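Engineer: When you get a sec, could you give me coordinates for this:
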Amino acid sequence: MYAPAFNRVDDEDAARLMVARAGAGELISVGPDGYPAATLLPVLWRGDRVLAHLARANPHWQQIGADSPGLLVVGGPQAYVSPSWYASKAEHGRVVPTWNYTTVHLTGRVRVHDDIEWLRALVTALTEEHEAGREHPWAVSDAPEAYVAGQLRGIVGVELVVERVEAKAKLSQNRSEADRSGVVEGLRADGGPGTAQVADLMQAALDQPGPVRPNPRG
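Structural biologist: Numbering: from 1, shown residues only. You can find the predicted model right below:
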């Protein structure tokens, strides 16, 4: 991942939070034919393992060999940034559009799991993760056992053993405080997909004092 120092997220706990908030990521692996395959999967990051499952009908899992290299790309909020929002546009006009976003890349070895009890534990953990906080949380045990068993036979588990964590938050940190405040204002007024989340992240960064590295090309 290309991540300048001012965009890099070195705190693994922060990276874990980014993954937890996204809830899903693109699992990418390369098959024996040399071509990549990718599937968007709900994931759980526990310790040094990322756990997920694919539909058995999805040929992706059949392309994964024993401890195949894999990459999980977890995208976060993203939004277009108009140069018209920069305070520096009125000062010198040397501004261009950009794209703000957050992302996490987890690289490691992937293995497949076809054990029913392993799969049951995974779907139970995934369900508990996403039902937590609901007034009436649904549980796997709410469904008939025969039905659950049939559903489990229709999926295959995958486990990524994480060897490298790379996280990035590109939130205009290389621009002046006035420019960043202008972007927050512009995003809130724009109201497009992801804009509110990006604006919130940028505002949180502005509220934390720290060095800014000016770069008119950012």
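Engineer: Looking at the helix or strand that contains residue 25 now, give me its mean pLDDT.
Structural biologist: Assigned by DSSP states H and E, residue 25 falls within strand 24-30. Strand 24-30 comes out with an average pLDDT of 97.
Engineer: and if you look at stretch 154-161?
Structural biologist: 98.
Engineer: just the helices in the chain please.
Structural biologist: Under the criterion DSSP state H, the chain carries helices at the ranges 12-22, 88-91, 116-131, 145-152, 177-190, 195-206.
Engineer: want to throw those into JSON lines with distance to residue 82?
Structural biologist: Backbone N, C-alpha and C define where each C-beta goes, glycine included. Output for these, formatted as JSON lines (distance: least, Cβ to Cβ, whole Å):
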{"stretch": "helix 12-22", "distance to residue 82": "25"}
{"stretch": "helix 88-91", "distance to residue 82": "9"}
{"stretch": "helix 116-131", "distance to residue 82": "35"}
{"stretch": "helix 145-152", "distance to residue 82": "46"}
{"stretch": "helix 177-190", "distance to residue 82": "6"}
{"stretch": "helix 195-206", "distance to residue 82": "11"}
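Engineer: Can you add mean neighbour count and distance to residue 78 and give these back as CSV?
Structural biologist: Formatted as CSV, the helices of the chain follow (neighbours: other Cβ atoms under 10 Å; distance: least, Cβ to Cβ, whole Å):
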stretch, mean neighbour count, distance to residue 78
helix 12-22, 15, 11
helix 88-91, 14, 22
helix 116-131, 15, 22
helix 145-152, 12, 33
helix 177-190, 18, 11
helix 195-206, 18, 7
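Engineer: could I get the helix-or-strand element of the chain with minimal mean pLDDT in PDB with only the CA atoms?
Structural biologist: Least confident element among the helices and strands of the chain, by mean pLDDT, DSSP states H and E: helix 88-91 (a mean of 88). This file holds the C-alpha atoms of helix 88-91, laid out as PDB (Å, rounded to 0.1, in the frame of the first residue of the first chain):
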ATOM      1  CA  SER A  88      -6.200  28.500  -0.600                       C
ATOM      2  CA  LYS A  89      -8.200  28.500  -3.800                       C
ATOM      3  CA  ALA A  90      -8.900  32.200  -3.200                       C
ATOM      4  CA  GLU A  91      -5.300  32.800  -2.300                       C
END
